[in-house]
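Chemist: Whatever this is, show me its structure:
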Amino acid sequence: MSSRLPIIQPAAAPLPELPDDLRGDGQRVHFVSLGCPKNRTDSEVMLGRLGGAGYELTQDATEADIIVVNTCTFIDAATQESVDTVLEMAELRSSGKARKLVVSGCMAQRHHETLRTELPEVDAFVGTGDYHRILDVVSKTEGRSDIVGRPVYVQGAEPRVNTLTPWSAYVKILEGCPQRCTFCIIPQLRGDLMSRSLDVIVDEARALAKEGVKELNLVGQDSNSWGRDIGAERLPDLLRALNDVEGIDWLRLLYSYPAKFNDTLIDTFVELDKVVPYIDMPLQHISDPILKAMRRGVSGERTRKLLTKLRTRIPDVAIRTGFIVGFPGETEENFEELMEFVEEQRFDNAGVFTFSPQDETPAAHLPDQVPEELRQERRARLMELQQELHLENNTDWLGRTIDVLVEGMHPETELLWVGRSARQAPEIDGSVIINDAATAKFGDIVKVEVTDIAGYDLVGHVVE
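Modeler: Residues are numbered from 1 along each chain as shown. Modelled structure (predicted):
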């Protein structure tokens, strides 16, 4: 089954006239997007360009004329998932009619030289700085059409397709990263900090709001650094401009670097009514020797002071974080310090990852590498603690009334609806199960009284 792509087009950038050799004329494309929301926004831009050229979307790879896999390679598991997906698409292509299999994104940027030999099934590789040239790739009918240059491109006012929900969307505010954490390969794959301009972002927000989107989730590898490379404007200026966009009710900032979370930004969270009280701030660790080896630019003491300030200044703030266990040199004492920190702070949500050495990063070559078995054991211990704390935190919301964005029917029964509160980011946090939503409709933000908990989810009913 195919469908025309629902293009979100900023008024400031009308769809260009295309030469005949770039037009799709009803050809069908099957798209697989892996990895983080930042990668997903690249996929949405590629879909927007394909849709503008007359391509249609199909969920069936065997019915597609073009198959695109947008890949991730942040850690070894992500690379393996990307390779497995490409091989799966290649197999489906062999039983279908696709004339081209394209691999884009971070794995293509990092490994395209090797993959040209190891994956002969792939017709083209497209790097992280070249996804906007997807039409040049898919339109070529003979020979390979690889486009993998230096990652120096930042998204402009391109058309896009929102693939999240009709009421919520990701908006990338910058590309690349100015930080140089010793474990992270992102600056090599995505380049240095490249901020999108304020006007371009606001125009995109208005276009999304015009289509019914009520929640914008702002993403960047280090979102707090937005604007530092393009002039005097800083993140608070962007948040104020987006706060004025008619039709948008919730603004959510994702991926804040702790060393860059200053008082001015906290004041902005308090001041603006649409910025939800939700902080996504990967801390990675709390032990000073590990933070120094990671090159995080922040101490354990400074981290604790920042968390105290956030909770004091921003009422009912939800804090999501992430940690890496098994980093080179991490002793049992360092790990126990992290366990005690997590129990002390009682984060609303936390992800735990085992250290995954990437050859191109300094951390992969540090001494005292922690054995894989011990890394996995520490992850399991910390995850078990966080799960217990999360369930205890949920009980604190029993009897309270919260605003919930109604997103659709429960996947298991039409008798229940599901949505999210402002304290729950899409796709990664829990949800709110609504057992009486007769007075609401999908896309509404309604008041729900929490009456029960179901694991990571809250349960409640709509109140007038």
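Chemist: any chance you could map the helices in the protein?
Modeler: 37-52, 76-94, 106-118, 134-139, 186-190, 198-210, 235-243, 263-271, 288-294, 300-313, 332-345, 372-395 (DSSP state H).
Chemist: Among those helices, which comes closest to residue 127?
Modeler: helix 106-118 (4.3 Å; Cβ to Cβ). (Glycine included, C-beta is placed from N, CA and C.)
Chemist: Which positions within the closest one qualify as buried?
Modeler: 106, 107, 108, 109, 110, 111, 112, 115 (16 or more other Cβ atoms under 10 Å).
Chemist: need these in TSV with pLDDT and distance to residue 50, can you?
Modeler: Formatted as TSV, the buried residues of helix 106-118 follow (pLDDT from 0 to 100; distance: Cβ to Cβ, whole Å):
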residue	pLDDT	distance to residue 50
106	93	20
107	93	20
108	93	17
109	93	20
110	92	24
111	91	24
112	88	21
115	90	23
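Chemist: sorry, back to before: winner for burial among the helices of the chain?
Modeler: Of all these, helix 37-52 has the most neighbours on average by mean count of other Cβ atoms under 10 Å, namely a mean of 24.
Chemist: that older thread, what's the closest of the buried residues of helix 106-118 to residue 406?
Modeler: Lowest distance from residue 406 to the buried residues of helix 106-118 (Cβ to Cβ) belongs to residue 106, with 34.2 Å.
Chemist: okay but the closest one is in contact with residue 69, surely?
Modeler: No: counting by Cβ atoms under 8 Å, residue 106 does not reach residue 69; the two are 11.7 Å apart.
Chemist: okay, the helices of the chain in a markdown table with distance to residue 361 next?
Modeler: Converted to a markdown table, the helices of the chain look like this (distance: least, Cβ to Cβ, whole Å):
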| stretch | distance to residue 361 |
| --- | --- |
| helix 37-52 | 19 |
| helix 76-94 | 12 |
| helix 106-118 | 12 |
| helix 134-139 | 29 |
| helix 186-190 | 8 |
| helix 198-210 | 30 |
| helix 235-243 | 27 |
| helix 263-271 | 28 |
| helix 288-294 | 11 |
| helix 300-313 | 22 |
| helix 332-345 | 20 |
| helix 372-395 | 16 |
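Chemist: now the buried residues of helix 106-118 in CSV, with distance to residue 304?
Modeler: Putting the buried residues of helix 106-118 into CSV (distance: Cβ to Cβ, whole Å) gives the following:
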residue, distance to residue 304
106, 33
107, 37
108, 41
109, 37
110, 36
111, 40
112, 43
115, 44
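Chemist: between those, which is closest to residue 27?
Modeler: Nearest to residue 27, judged by Cβ to Cβ, of these is residue 108 at 21.8 Å.
Chemist: pretty sure that closest one contacts residue 129?
Modeler: No: in this structure, residue 108 is not within contact of residue 129 by Cβ under 8 Å, at 10.8 Å.
Chemist: Look at residue 406 and say how many residues are nearby.
Modeler: Close neighbours of residue 406, defined as other Cβ atoms under 10 Å, add up to 22.
Chemist: got it, and residue 234?
Modeler: Residue 234 has 18 neighbours, counted by other Cβ under 10 Å.
Chemist: which ones are touching the residue nearest to it when sequence neighbours are not counted?
Modeler: Using Cβ to Cβ, 6 or more residues apart in numbering and skipping residues adjacent in sequence, the residue nearest residue 234 is residue 227, 4.8 Å away. Residues near residue 227 by Cβ atoms under 8 Å, 6 or more residues apart in numbering: 195, 198, 233, 234, 235, 237, 238.
Chemist: Could I get the contacting residues of the fourth one?
Modeler: Looking back up the chat, that one is residue 234. Residue 234 touches 226, 227, 228, 264, counting by Cβ under 8 Å, 6+ apart.
Chemist: ends of stretch 243-259, how far apart?
Modeler: Stretch 243-259 has an end-to-end distance of 25 Å (criterion: Cα to Cα, to the nearest Å).
Chemist: chain center to that stretch: distance?
Modeler: Taking Cα atoms, centre = their mean, to the nearest Å, one finds the center of stretch 243-259 at 14 Å from the center of the full chain.
Chemist: Contact partners for the residue lying closest to residue 176 once chain neighbours are set aside?
Modeler: Sequence neighbours aside, residue 191 is the residue nearest to residue 176 in space, at 3.9 Å (criterion: Cβ to Cβ, 6+ apart). Residue 191 is in contact with 128, 129, 150, 151, 152, 175, 176, counting by Cβ under 8 Å, 6+ apart.
Chemist: 10 Å instead?
Modeler: Going by Cβ atoms under 10 Å, 6 or more residues apart in numbering, residue 191 touches 109, 128, 129, 150, 151, 152, 153, 154, 175, 176, 177.
Chemist: got the phi/psi numbers for it?
Modeler: Backbone torsions of residue 191, given as degrees, to the nearest 10, read phi 90, psi -170.
Chemist: Could you measure from it over to residue 361?
Modeler: To residue 361, residue 191 is 16 Å away according to Cβ to Cβ, to the nearest Å.
Chemist: number of nearby residues for the residue nearest to residue 366 when sequence neighbours are not counted?
Modeler: Closest residue in space to residue 366, ignoring its immediate chain neighbours: residue 328 at 3.9 Å, by Cβ to Cβ, 6+ apart. Look at residue 328: counted by other Cβ under 10 Å, it has 20 neighbours.
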